[in-house]
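Student: what's the 3D shape of this:
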Amino acid sequence: MGSGKTTIAFELSRRLNMRYVSTDDLIEKKEKCTINEIFTKKGEDYFRNVETLAVRDACSMENVIIDLGGGAVIRDENWESIKASGVAICLTADENTIMERTKKYKHRPLLNVEDPKQKIRNLMAKRALSYAKADYCVDTGKLTVKQTVEKIAGIIEEYSRKAGTE
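Tutor: Sure, this is the predicted structure:
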């Protein structure tokens with residue numbers, strides 16, 4: 001969260017003329033409420049189960065750039081869907097950048113705590129091994145949106161070339 005997934009995925013989809021798909025949007029549409037409401041009313045376990053279905057659905061689509069929620073990668077079954085669908089790119093940023101980018105938003109249920117910076121640190125540490133499963137990792141902390149999009153577009157184009165020759 002706060003790494004720029006939504007903004008970058010949307011701009012990348014425009015740049016590559018592909019469809020943008022957000023697993024959070026799929027979840028909210030199916031559940032007819034916000035992610036925050038799901039966490040509050042039904043809990044994180046329920047959310048993660050619904051999220052797994054959304055990941056599977058998104059990964060079965062063609063010609064899409066998928067914006068996955070930051071916690072989607074903590075489940076191995078989600079990685080099976082992700083890896084089968086194309087190239088996985090993890091966006092990262094340092095904890096100060098993430099804190100700065102997320103501090104004004106109240107819709108992030110995992111950061112609605114007394115010490116959000118410590119929560120960010122804990123989440124990053126807890127998810128590090130899951131994030132490391134990505135094919136590529138891009139640090140968005142010091143890049144503009146345009147620079148990040150161009151860098152990822154290059155990765156995807158190279159990945160597509162390699163996949164086409166195998």
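
Student: Please name the residues that touch the residue nearest the centre of the chain.
Tutor: The chain has L68 as the residue nearest its centroid, 3.2 Å off, counting by C-alpha atoms, centre = their mean. Residues counted as contacts of L68 (C-beta atoms under 8 Å, 6 or more residues apart in numbering) are 5, 23, 55, 58, 78, 82. Just so you know, the C-beta spots here come from the backbone N, C-alpha and C atoms, and that holds for glycine as well.

Student: So which of these are in helices?
Tutor: 5, 23, 55, 58, 78, 82 (DSSP state H).

Student: Of all pairs in those, which one spans the longest distance?
Tutor: K5 and N78 (14.6 Å; C-beta to C-beta).

Student: just to revisit the earlier point, and the contacts of L68 as CSV, adding pLDDT, neighbour count and distance to L143?
Tutor: Formatted as CSV, those follow (pLDDT from 0 to 100; neighbours: other C-beta atoms under 10 Å; distance: C-beta to C-beta, whole Å):
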residue, pLDDT, neighbour count, distance to L143
K5, 92, 20, 14
T23, 97, 24, 23
V55, 98, 26, 26
A58, 98, 21, 25
N78, 97, 23, 26
I82, 96, 22, 23
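
Student: Please enumerate the strands of the protein.
Tutor: 19-22, 64-67, 89-92, 136-139 (DSSP state E).

Student: so can I have CSV of those showing distance to N36 and mean pLDDT?
Tutor: Formatted as CSV, the strands of the chain follow (distance: least, C-beta to C-beta, whole Å; pLDDT from 0 to 100):
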stretch, distance to N36, mean pLDDT
strand 19-22, 15, 98
strand 64-67, 17, 97
strand 89-92, 22, 95
strand 136-139, 27, 96
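
Student: Output these in CSV, with mean neighbour count and distance to L123 appended to each entry.
Tutor: Formatted as CSV, the strands of the chain follow (neighbours: other C-beta atoms under 10 Å; distance: least, C-beta to C-beta, whole Å):
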stretch, mean neighbour count, distance to L123
strand 19-22, 17, 19
strand 64-67, 22, 18
strand 89-92, 20, 12
strand 136-139, 16, 16
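
Student: Figure out which of those strands is closest to D45.
Tutor: strand 19-22 (21.3 Å).

Student: Give me the residues contacting that closest one.
Tutor: Contacts for strand 19-22 (C-beta under 8 Å, 6+ apart): 6, 9-10, 13-14, 58, 61, 63-67.

Student: what's the most distant pair in the residues you listed?
Tutor: Using C-beta to C-beta, these span at most 19.0 Å, a distance reached by T6 and N63.

Student: Great, nothing more from me.
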